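Enquirer: okay, predicted coordinates and the sequence, questions at the end:
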Amino acid sequence: MGKMILGTVQLGMPYGVNNTNGKPSMQEAMNILDYAYRNGVSMLDTASAYGNSEEIIGKYTEYNDKPRFKICTKLPIDIEAIHIPDYYEQSRKRLHIDIFHVYYLHRFEQCKKANVLEQLNRLKEKGNIRNIGISVYQPDELEYIVDNLSSVVDVVQIPFNVFDNVRWMRNGLLAKAGEKGIKLYARSIFLQGLILADANSEMCKKREVTHQIAKLQDIAKSIGSNVAQLAVDYINTVNEIELWLVGCETVKQLQENINMCKNAKNLGRNICNEVEKISYSIDDKVIDPRKWDS
């Protein structure tokens, strides 16, 4: 469906600071996947680290006899090169598919190991995976990949949203990635739900983003929108971002997300400037969920 990838971490484990529903039941997970398929979503993002997300997707695929989605999955964080072929086979069996659309390294440091990249290249040459990917957290990691690995890496997944954007655009980094043929997929477009929280909630006060959330609400109101749609529209406006991940815990949430993505439009430069001003005032501990306290 357009540029949306369905993120499935929520299907395998409770996830997100705004998650009030917990992990969906198996039936709800099947309903989510079926609704996604019937409404034009063509790609799923999962990982071995996402609880039993791969198994749930595999049950859906098995039930429907043939794959209905392009699947992007990630290797374990601590995988050794020698174990990659075996782990691919285990993951393939869990998902009941033969070809991964993107096979990601889950941590940037892994891409500096020549034997790891060699194993992924072998899988790609055999036709087991279409794209080699890396999930990163920092712009200097993307810069390293652009400068050194553009002949190997096809996709880089970056955190990118209305709170976290200007650091990725400095020195034309996103454009350089595109020029080298690297596709960029965005995750955390709602920052695990923090961006959608009430400005005066304890969650926002704890992370000291009450003012920034209120400012987002003001910007959205000024164009007759809401923060969620503003977040999607902003991502849609950044041409270098090819696709973006959106997760859900219920069919209702998925329906809302699909509608937002279908209605995504490009924002004017003035509105983008206002959004990007907010990014300058956000602390690094806010934009990186690994640094959040519970």
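Expert: Yes, it's here.
Enquirer: low-confidence ranges, the stretch 1-150 of the chain, go.
Expert: Where the stretch 1-150 of the chain drops to pLDDT under 70, the residues are 1-2, 14-21.
Enquirer: scratch that, the stretch 151-294 of the chain is what I was asking about
Expert: 294.
Enquirer: any chance you could map the strands in it?
Expert: Assigned by DSSP state E, counting those that start in this stretch, the stretch 151-294 of the chain shows strands spanning 155-159, 183-187, 241-247.
Enquirer: which residues sit against the longest one?
Expert: Defining contact as CB atoms under 8 Å, 6 or more residues apart in numbering, one finds that strand 241-247 is touched by 3-10, 15-16, 43, 45, 157, 160, 174, 183-190, 232, 235, 257, 261. C-beta: built from backbone N, CA, C; applies to glycine.
Enquirer: partners of that strand, with directions?
Expert: strand 4-7 (parallel), strand 183-187 (parallel) (DSSP bridges).
Enquirer: looking at those, which is closest to A81?
Expert: With respect to A81, and counting by CB to CB, the nearest of the strands paired with strand 241-247 is strand 183-187 at 24.1 Å.
Enquirer: tilt between that closest one and strand 155-159?
Expert: Interaxial angle, strand 183-187 versus strand 155-159 (axes from the mean of the first three to the mean of the last three CA atoms, to 10 degrees): 30 degrees.
Enquirer: work out the gap between strand 183-187 and the centre of the chain.
Expert: Between the centre of strand 183-187 and the centre of its host chain there is 7 Å, according to CA atoms, centre = their mean, to the nearest Å.
Enquirer: from F190, how far out is V286?
Expert: Distance, V286 to F190, by CB to CB, to the nearest Å: 13 Å.
Enquirer: re the thing from before, single out the most deeply packed of the strands paired with strand 241-247.
Expert: A comparison of those by mean neighbour count, using mean count of other CB atoms under 10 Å, puts strand 4-7 on top with a mean of 26.
Enquirer: following the chain onward from that one, which element is next?
Expert: helix 9-12 (DSSP states H and E).
Enquirer: who does that next one touch, helix- and strand-wise?
Expert: Taking 3 or more CB pairs under 8 Å, 6 or more residues apart in numbering; DSSP states H and E as contact, the helices and strands that helix 9-12 lies on are helix 26-38, helix 53-63.
Enquirer: who's in contact with that helix?
Expert: With CB under 8 Å, 6+ apart as the criterion, helix 9-12 contacts 15-16, 19, 23-24, 29, 32-33, 46-47, 50-57, 247-249.
Enquirer: is the nearest residue to A47 once chain neighbours are set aside bridged to anything, and to what?
Expert: In space, and not counting its chain neighbours, A47 is closest to K74: 3.7 Å by CB to CB, 6 or more residues apart in numbering. Beta-bridge partners for K74, by DSSP bridges, are Y104.
Enquirer: was I right to think K74 contacts R107?
Expert: No: between K74 and R107 there is no contact under CB atoms under 8 Å: 9.1 Å.
Enquirer: who has more neighbours, the two?
Expert: Each of K74 and R107 has its neighbours counted (other CB atoms under 10 Å); K74 has more, 25 against 18.
Enquirer: residues touching that one, list them.
Expert: Counting by CB under 8 Å, 6+ apart, K74 touches T46, A47, S48, A49, Y103, Y104, L105, H106, S135.
Enquirer: ok so, going back, quick one: closest of the strands paired with strand 241-247 to I129.
Expert: Checked against CB to CB, the stretch from those lying closest is strand 183-187, at 14.1 Å.
Enquirer: contacts for that closest one?
Expert: The contact list for strand 183-187 (CB under 8 Å, 6+ apart) reads 5, 7, 45, 72, 102, 131, 133, 135, 154-161, 174, 177-178, 235, 240-245.
Enquirer: and the gap between D233 and I84?
Expert: To I84, D233 is 39 Å away according to CB to CB.
Enquirer: actually Q253, not the one I wrote
Expert: 34 Å.
Enquirer: just the helices in this structure please.
Expert: Secondary structure of the chain (DSSP state H): helices at 9-12, 26-38, 53-63, 84-95, 114-125, 139-148, 166-169, 173-179, 202-206, 210-222, 227-237, 251-262, 269-280, 284-287.
Enquirer: most packed of those?
Expert: It is helix 9-12: most buried of the helices of the chain by mean count of other CB under 10 Å, with a mean of 24.
Enquirer: and the gap between D86 and P76?
Expert: 12 Å.
Enquirer: list the buried ones in stretch 234-247?
Expert: Using 16 or more other CB atoms under 10 Å as the test for burial, stretch 234-247 gives Y234, I235, N236, T237, V238, E240, I241, L243, W244, L245, V246, G247.
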